[in-house]
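Asks: no sequence for this one, just the structure:
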């Protein structure tokens, strides 16, 4: 299939490579062109601009946030202006429910197709084609995309015929990760103040009731106090919690734990930790427990 | 080894059986004597009273709460009054840090030994000798207990030389379970209000980032709205969150998420759900999202 | 002075009348024209449209929310398009900090002047010229407005040279009112469950430590369960808490109590109480305490 | 009337003096006897011990906390052991609901009478006989106390025939004060980060909607950052919030705002601020907003 792929960050790169490996023709575009180079080495074509990448049956976008997706979608020479009628935009970025709805409306008006297919997994899973794809869209739009999802992930979950619902599920997953980070941070501060080694504590959790990737990954970072470089920066984590709260307010669903997470992430950002991994919430738990009193707060 | 075992509820029963299977002589005691009968069938001796069960090298207690443990420990004819000097009380109940400290002091004064060895796992794990044992106590006290822990569990974690620390770790684990229940409840209410099937949603979570027993067990109950009979009643869940908050206040460690959990569990109890499984926190999330408005609130 | 006045709701009406009484020429505009009629009876001129009302030295806007202000300000024939250079727009509506910044920029670009002057007080205070005016803007803009503020209020506080800061102060005040409502609601549910009469309780509070208008007004509504008709609907209260949280996030200031208020107001709205006065937060406190179990929840 | 008065701290001293001024015979007792001296100068008799002070028709206690009251009430030679049948113990201390219930039971068993009469007001109000007395007890017990309450306060509220309810009302009032402190702290951090002077901000609040003693007193301390010496130390504030949460849990009433307050006060204590006035919650709001980043955290 002829595929355009826009956004070659840590995640997009691996996804594009796996589409190539599956035998598709992939034309890649990235704002900073050096990132496209590596893909070209592996058989991709390089697009000169967004419109160029849209000369395809399916265009994926995998970008950092709403603003980036709005840019490539709605700007002059963007996807909505460039895609041929009947072709499909697959949005894999973690974006707001509101933007996903706006994209759906714009593509419908332009006679184009749209699906949302955000993914769970970190860059290593993207590289290994082990992502989990959460897809939503009209059945006739999703059906031909199925082999593409298989090429990038280990499993695809179709959650709705309305694209934005996939974005909601993705955001809710990030909320649950943040919730796990915060509660493990609090519990670890508690037992550490009573003398328990945090690494041993996390080992106990992750070899028993919490033997799951989210706890293993973030529990490990918390135990090793390894907050740089950030896999997911606190500023991005705050953004995702904000987006899930905004979607929840639109749907009229209170989320008391998400509200606590928002306050904690905002505190982390306001006190200079925005660039740290969001698991640095653990430093706040330690600070508020008086565990950092010997050092600086 | 000669072992006394006090408390033959859902958990204690399985543990006592596995000690028997490992070849130990086990004398069992339960307030309501019918529960001891089944154990006698499997080779246990029946104690007439607590003091009788204390005629042993090691006495386990596995009881419901502080009050029950205080009764068998401190009452006339209780463990402290009955244990021979040099013998050991192993407390496996989920009790407060404060009571564990009080037991340590009382046994020390009486020339007896004391270890805390609460466990993670539900009744089926107890029956299958698959518990995780969190042990704390003086090394010379714990060392001879090691084969006993091996008989009841799949792995033992020694977390401290001070017994009460094991109780703290156990309580913190229950806090983390409650935290997982509440955040999954909130997320499930959110996506359900947007039309996603809760069972599918939990399947997504538990086959990806949250593929862990705590999420599988409680996510399943939430998706199936299966809150009766309670594996862990909301009243008991509230008690454990209260105990972890009390221990944290003693140690001067704020736990913002635990505070939210306390309020939610208290709401569940106050509105008539104290007998339901603590995963019935999901009914509050649904109620506050207006998802129950067609039914009763 | 020649004054245009846009927005003749419960608040704007009283303010416009008091400007008339102070001897100014006031041209009024309201989307539904019948409301202008009463003012014309009292000496105002009626504008046919927004542009017509802008034929003045100063134009006040006193509208319900951001959307309404955006409409009259930025639409074709709106204030920005119509005001003569050098004349002043005074925004008294409770709007977002972001919109206030946008208005400041648009008026500056158009060579016009802009001040923010939101007010504290309910409709009776507006009618009696007893409002408190929180003003912000450049000194040369504010100075000639001083007699106008005196005409509508009992006191003016100039808080900044940057207009949006007045909006922030106003929103923060509404946050404090909501905070008082929620905490009195919780306390009243508590003592009521122990048998204390809520009216007596509120009397105690408001004749001692909390002898202040916010507590008297809302405490009274809570004690009398008088939630309709709404002085301030829960949906509007939720909007204001959302705006204060948004402004706080922009400034990187966590507000843990405001987060609780947001969840509670959202719960009230989601469960069908959006039209009630925001003091109906008390019904949630009662509900969660099990106090409504005999009636409907 | 013959009155015993136990506890001559900042509050008790003023109360005892005002009972003397009203013409009663007052026998005073304080653990550290030097404090009794000043009262003797003003006409009081000095008791050698608690039992000595109980040789009276009515005995007041005004002590720091549960532990102090338990000591004078239940120890050998304490009030319960010493009071003559038919005489009355008036407990004015801010104690737990549970202890008040225990006192009621003990006095009833000993054939003595018991009333709870905690007060609102700070030491200057105690000295000026301007306290507000919240009284509860059997009507026949309270009736003869009425002139005594008039001697120490400006108004008496009888809230229940069950003494402990007065303690609940008192604790709920302290919860409301803490709530006002925390929300003003958050709001002040917010506007301060946007450049508003905190003193001006508090002036606006306390001359408008929040013109009440609680806001004036604590708003002033917050604006002036005047946290030492403590009028009410953070450790005592935390104790009172803990007691109100404990009473609420007993009554099954969730208090979400009180939970936030508990976490904040606990953070203040854990990070070294236990000796500061509880209005030092404002330092946490500033710290979490990044307002203290130039100084030490």
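Replies: Sure, I can see it. Note that the structure is a prediction, hence the values are computed from the model and not measured. Residues are numbered from 1 along each chain as shown, chains lettered A, B, ... in the order given.

Asks: kindly report the residues of chain A close to chain C.
Replies: Contact residues, chain A versus chain C (C-beta under 8 Å from any C-beta of the partner chain): A:242, A:248-249, A:252-256, A:259-260, A:262-264, A:266-267, A:269-270. C-betas here are computed from N, CA, C, even on glycine.

Asks: which among these end up buried?
Replies: A:242, A:248-249, A:252-256, A:259-260, A:262-264, A:266-267, A:269-270 (16 or more other C-beta atoms under 10 Å in any protein chain shown).

Asks: which of those residues fall in helices?
Replies: Per DSSP state H, helices hold the following members of those: A:242, A:248-249, A:256, A:259-260, A:262-264, A:266-267.

Asks: against chain D, which of those residues make the cut? List them.
Replies: A:256, A:267.

Asks: chain neighbours aside, what residue packs nearest to the residue in the stretch 101-250 of chain A positioned nearest to chain C?
Replies: Closest approach between the stretch 101-250 of chain A and chain C, counting by C-beta to the nearest C-beta: residue A:249, at 6.2 Å. Leaving aside its chain neighbours, residue A:249 sits nearest to residue C:266 (6.2 Å; criterion: C-beta to C-beta, 6 or more residues apart in numbering or on different chains).

Asks: just checking, that neighbour touches residue C:237?
Replies: No. The pair residue C:266 and residue C:237 fails to qualify as a contact (C-beta atoms under 8 Å) at a distance of 10.4 Å.

Asks: thought residue A:210 was touching residue B:176?
Replies: Yes. Using C-beta under 8 Å, residue A:210 is in contact with residue B:176, at 6.7 Å.

Asks: what sits in contact with each of the two?
Replies: Counting by C-beta atoms under 8 Å, 6 or more residues apart in numbering or on different chains, the common neighbours of residue A:210 and residue B:176 are residue B:214.

Asks: now do the contacts for residue A:72.
Replies: So residue A:72 contacts A:6-7, A:50, A:61, A:63, A:78-79 (C-beta under 8 Å, 6+ apart).

Asks: redo that, cut-off 6 Å
Replies: A:6, A:50, A:78-79 (C-beta atoms under 6 Å, 6 or more residues apart in numbering or on different chains).

Asks: can you redo these as a markdown table with secondary structure?
Replies: Formatted as a markdown table, these follow (DSSP: H, G, I helix; E, B strand; the rest coil):
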| residue | secondary structure |
| --- | --- |
| A:6 | strand |
| A:50 | helix |
| A:78 | coil |
| A:79 | helix |
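
Asks: just the buried subset of the residues you listed, please.
Replies: By neighbour count, with 16+ other C-beta under 10 Å, the contacts of residue A:72 hold A:6, A:50, A:78-79 as buried.

Asks: taking those, tell me the two that lie furthest apart.
Replies: Pairwise distances across those peak at 9.9 Å for A:6 and A:78 (criterion: C-beta to C-beta).

Asks: immediately after the lengthiest helix in chain A, which helix or strand?
Replies: Ranked by number of residues, the top helix in chain A under DSSP H is helix A:164-193. Using DSSP states H and E, the helix or strand that follows helix A:164-193 towards the C-terminus is helix A:198-206.

Asks: elements contacting that following helix?
Replies: Counting contacts by 3 or more C-beta pairs under 6 Å, 6 or more residues apart in numbering or on different chains; DSSP states H and E, helix A:198-206 is packed against helix A:164-193, helix A:213-224.

Asks: list the buried residues in that helix.
Replies: For helix A:198-206, a neighbour-count test (16+ other C-beta under 10 Å) marks A:198, A:200-206 as buried.

Asks: quick check: pLDDT value at the spatially most central residue of chain A.
Replies: Central residue of chain A (C-alpha atoms, centre = their mean): residue A:94, 4.5 Å from the mean position. pLDDT, residue A:94: 96.

Asks: distance of it from chain B?
Replies: Residue A:94 is 14 Å from chain B, where distance means C-beta to the nearest C-beta, to the nearest Å.

Asks: that residue and residue A:168: what is the separation?
Replies: With distances taken as C-beta to C-beta, to the nearest Å, residue A:94 is found 11 Å from residue A:168.

Asks: my guess is the residue nearest to residue A:249 meets residue A:256, correct?
Replies: No. The criterion here is C-beta atoms under 6 Å, and residue C:266 misses it with residue A:256 at 9.9 Å.

Asks: quick one, what contacts residue A:63?
Replies: Residue A:63 touches A:7, A:69, A:93, counting by C-beta under 6 Å, 6+ apart.

Asks: related to what we said a few turns ago, the longest helix of chain A and chain D, any residue contact?
Replies: No. Applying C-beta under 6 Å from any C-beta of the partner chain, one finds helix A:164-193 out of contact with chain D, separated by at least 8.8 Å.

Asks: flag every buried residue along that helix.
Replies: Across helix A:164-193, burial judged by 16+ other C-beta under 10 Å covers A:164-193.

Asks: likewise for stretch A:14-32?
Replies: For stretch A:14-32, by 16+ other C-beta under 10 Å, it's A:14-20, A:22, A:24, A:26-30.

Asks: will you turn these into JSON lines that also has pLDDT and secondary structure?
Replies: Putting the buried residues of stretch A:14-32 into JSON lines (pLDDT from 0 to 100; DSSP: H, G, I helix; E, B strand; the rest coil) gives the following:
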{"residue": "A:14", "pLDDT": "97", "secondary structure": "helix"}
{"residue": "A:15", "pLDDT": "98", "secondary structure": "helix"}
{"residue": "A:16", "pLDDT": "98", "secondary structure": "helix"}
{"residue": "A:17", "pLDDT": "98", "secondary structure": "helix"}
{"residue": "A:18", "pLDDT": "98", "secondary structure": "helix"}
{"residue": "A:19", "pLDDT": "98", "secondary structure": "helix"}
{"residue": "A:20", "pLDDT": "98", "secondary structure": "helix"}
{"residue": "A:22", "pLDDT": "98", "secondary structure": "coil"}
{"residue": "A:24", "pLDDT": "98", "secondary structure": "coil"}
{"residue": "A:26", "pLDDT": "98", "secondary structure": "strand"}
{"residue": "A:27", "pLDDT": "98", "secondary structure": "strand"}
{"residue": "A:28", "pLDDT": "98", "secondary structure": "strand"}
{"residue": "A:29", "pLDDT": "97", "secondary structure": "strand"}
{"residue": "A:30", "pLDDT": "96", "secondary structure": "coil"}
